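1. need the 3D shape of this:
(one chain, ligands or ions: 1)
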Amino acid sequence: MATLSRNTDELARSQGTDFFATDDLLTTEELSIRDRVRAFSDEQLIPVANDYWERGEFPHTLVPRYAELAVAGGTIRHYGCPGMSPLADGLVALELARGDGSFSTFNGVHSGLAMSSIDLLGSEEQKQRWLPTMARCDKLGAFALTEPDHGSDVVRLETRARRDGDYWVLNGAKRWIGNGSIADLVLVWARDEDGHGDVGGFVIDRAEDDPIGYHPSVITGKTSNRALWQADIRLDNVRIPADNRLANSRTFADTNRCLTKSRQTVAWEALGHAIGAYECALAYAKQRKQFGRPIAGFQLIQDKLSHMVADITGMQLICLRMAQLQAEGRVGLEHASLAKLNTATGARRVCAMARDILGGNGILLDHHVARHHADMEAVYTYEGTDTVQSLIVGRAVTGMSAFA
Ligand SMILES: Cc1cc2nc3c(=O)[nH]c(=O)nc-3n(C[C@H](O)[C@H](O)[C@H](O)COP(=O)(O)OP(=O)(O)OC[C@H]3O[C@@H](n4cnc5c(N)ncnc54)[C@H](O)[C@@H]3O)c2cc1C
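-> I've put the predicted structure just below:
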């Protein structure tokens, strides 16, 4: 006898989990943006997410619909960007991740990392040149920082930029670069050989410059974030115009400003995964009968659900306050790291409990929780592993750096 809804996508529809009524703190505009992206996730993303995930394909067809949402560029003002509040920008990341982690990572890379870096460190001319076309998603962005030999210690990156007349010549290797094989604009972080080895950001415009020597290969065999392609990239004497170096990128401290911004987005993403997994588990527990009644009526299931919603409510309050601080320009790397530490750890726990509540269906893609559970492993790792967030917060609270 069928006891579960045949349409498992219904399990994943938003239930608007908001135990402490944080919606009351949102402006009309923030609510409107949130609802627009929530509807996109429920109606367009969730119905196709499992299929793309299983096939390891990126849903290119959703990019024009994402563009129509008019959220690319997040908090950036002017240049055709939405100029949202940090809170609205965070809610976009949350709602996309609640739908699908791969697509929210696409948003995080394109809008959060690539566009924000150009906005933070580009000249006026560079912003005019790149941001409007990226806001329309006519050109997609990537952010190439991590290297095969430098992940957590990426401050030691080895990719080189050499000045040659009116060009920069890039050599090196990058790893794990989201959109690295499909992006038109790839922001590569490299050491300026002529400038005391300081780190700068160099934009490769693959559409305009058709750079010979840019060799991306998609990383296969992933068990997480399968519907977004990350690439290994080899840079062999890639020549780019001299004015493609981000004008205000001079040292790794500038790179860190970009990471501080995008790490906040990742904290919201983790919250989105937690809510997605929790809501599926709650809906499932109300439908699934064992021992003659819905499992939601059993004390131990309720205990799990209560801990999950307690975790989520704490994360919502941290993210909300972080957005308020960001609006006041008061978020440092340690704040972003604390938020990501909190939400990634909590969301991983929530996803594991959701997976447990679904029994065997917890490892089936079509019940959605398995995807959140697997995708949280990527969130837990990128933008700095959990351990690295601990070291950053630890340095802030002790005044002593535990980094080598
Ligand atoms: C799905 C995905 C998408 C990504 N997207 C991008 C992207 O778009 N652009 C980009 O530039 N990068 C991207 N990354 C790279 C990501 O930021 C790195 O994977 C991350 O920084 C960790 O680096 P690593 O994988 O080399 O691990 P490592 O640095 O090798 O870490 C291995 C282990 O050692 C631990 N460790 C390291 N140092 C210390 C220490 N001092 N003390 C204690 N423990 C330590 C780590 O916590 C971890 O447990 C992505 C990664 C993934 C998985």
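2. ramachandran angles for the closest residue to the ligand within the stretch 101-250 of the chain?
-> As assessed by CB to the nearest ligand atom, the ligand sits closest to G151 within the stretch 101-250 of the chain, at 1.8 Å. Bear in mind the C-beta positions are built from the backbone N, C-alpha and C, glycine included. With angles defined as degrees, to the nearest 10, G151 sits at phi -110, psi -80.
3. how close does it sit to G394?
-> For G151, the distance to G394 equals 19 Å [CB to CB, to the nearest Å].
4. in the chain, mark out all the helices, start to finish.
-> 9-12, 28-40, 46-55, 63-68, 86-99, 101-107, 116-121, 124-135, 206-209, 252-287, 299-327, 333-357, 369-381, 386-398 (DSSP state H).
5. those helices: lowest mean pLDDT?
-> With a mean of 84, helix 206-209 has the lowest mean pLDDT of these.
6. go through that helix and flag the buried ones.
-> For helix 206-209, burial by neighbour count (16 or more other CB atoms under 10 Å) applies to R206, D209.
7. contacts only, for the residue of the stretch 101-250 of the chain closest to the ligand.
-> G151 makes contact with R175, W176 under the criterion CB atoms under 8 Å, 6 or more residues apart in numbering.
8. show me what A231 is bridged to.
-> Per DSSP bridges, the residues bridged to A231 are I177, V218.
9. neighbours around it, how many?
-> Number of residues near A231 (other CB atoms under 10 Å) recorded here: 23.
10. repeat that for F403.
-> F403 has 11 neighbours, counted by other CB under 10 Å.
11. Q15 now?
-> Counted with other CB under 10 Å, the neighbours of Q15 add up to 13.
12. want to throw the helices of the chain into CSV with distance to the ligand?
-> Output for the helices of the chain, formatted as CSV (distance: least, CB to the nearest ligand atom, whole Å):
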stretch, distance to the ligand
helix 9-12, 21
helix 28-40, 21
helix 46-55, 13
helix 63-68, 17
helix 86-99, 13
helix 101-107, 7
helix 116-121, 11
helix 124-135, 15
helix 206-209, 16
helix 252-287, 9
helix 299-327, 20
helix 333-357, 12
helix 369-381, 4
helix 386-398, 3
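13. turn the ones you listed into TSV, columns for distance to D243.
-> Shown next, in TSV, are the helices of the chain (distance: least, CB to CB, whole Å):
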stretch	distance to D243
helix 9-12	46
helix 28-40	34
helix 46-55	37
helix 63-68	27
helix 86-99	29
helix 101-107	28
helix 116-121	13
helix 124-135	8
helix 206-209	12
helix 252-287	17
helix 299-327	30
helix 333-357	29
helix 369-381	34
helix 386-398	33
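14. flag the shaky bits of the stretch 101-250 of the chain, pLDDT-wise.
-> Within the stretch 101-250 of the chain, the stretches with pLDDT under 70 are 210.
15. how about the residues of the stretch 101-250 of the chain by the ligand?
-> Residues of the stretch 101-250 of the chain lying near the ligand by CB under 6 Å from any ligand atom: V109, F143, A144, L145, T146, G151, S152, W176, I177, G178, N225, Q230.
16. what's the fifth one sitting at in phi/psi?
-> This means T146. Here is the backbone geometry of T146 (degrees, to the nearest 10): phi -60, psi 150.
17. what sits against it?
-> Here T146 is in contact with V154, K174, R175, W176, I177 (CB under 8 Å, 6+ apart).
18. make JSON lines out of those and add neighbour count.
-> JSON lines is the format used below for these (neighbours: other CB atoms under 10 Å):
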{"residue": "V154", "neighbour count": "18"}
{"residue": "K174", "neighbour count": "26"}
{"residue": "R175", "neighbour count": "18"}
{"residue": "W176", "neighbour count": "19"}
{"residue": "I177", "neighbour count": "25"}
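19. in a markdown table, list these along with distance to A67.
-> Shown next, in a markdown table, are the contacts of T146 (distance: CB to CB, whole Å):
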| residue | distance to A67 |
| --- | --- |
| V154 | 30 |
| K174 | 26 |
| R175 | 28 |
| W176 | 25 |
| I177 | 22 |
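20. list just the nearest of the residues you listed to F403.
-> V154 (11.7 Å; CB to CB).
21. the closest one and D192: what is the separation?
-> Distance of V154 to D192, computed by CB to CB: 16 Å.
22. one more: A114?
-> To D192, A114 is 20 Å away according to CB to CB.
23. one more: S224?
-> S224 sits 34 Å away from D192, taking CB to CB as the criterion.
24. next: E377.
-> Per CB to CB, E377 is found 35 Å from D192.
25. the more surrounded of those two?
-> Between E377 and D192, counted using other CB under 10 Å, D192 has the larger neighbour count: 20 against 16.
26. do I have it right that that one meets D198?
-> Yes - with contact defined as CB atoms under 8 Å, D192 counts as touching D198 (5.4 Å).
27. quick check on the residue in the chain sticking out farthest from the centre: phi, psi?
-> Distance to the chain centre peaks in the chain at G292, reaching 41.9 Å (criterion: CA atoms, centre = their mean). G292 adopts backbone torsions of phi 80, psi 0, taken as degrees, to the nearest 10.
28. and it, how far from the ligand?
-> The gap separating G292 from the ligand is 43 Å, by CB to the nearest ligand atom, to the nearest Å.
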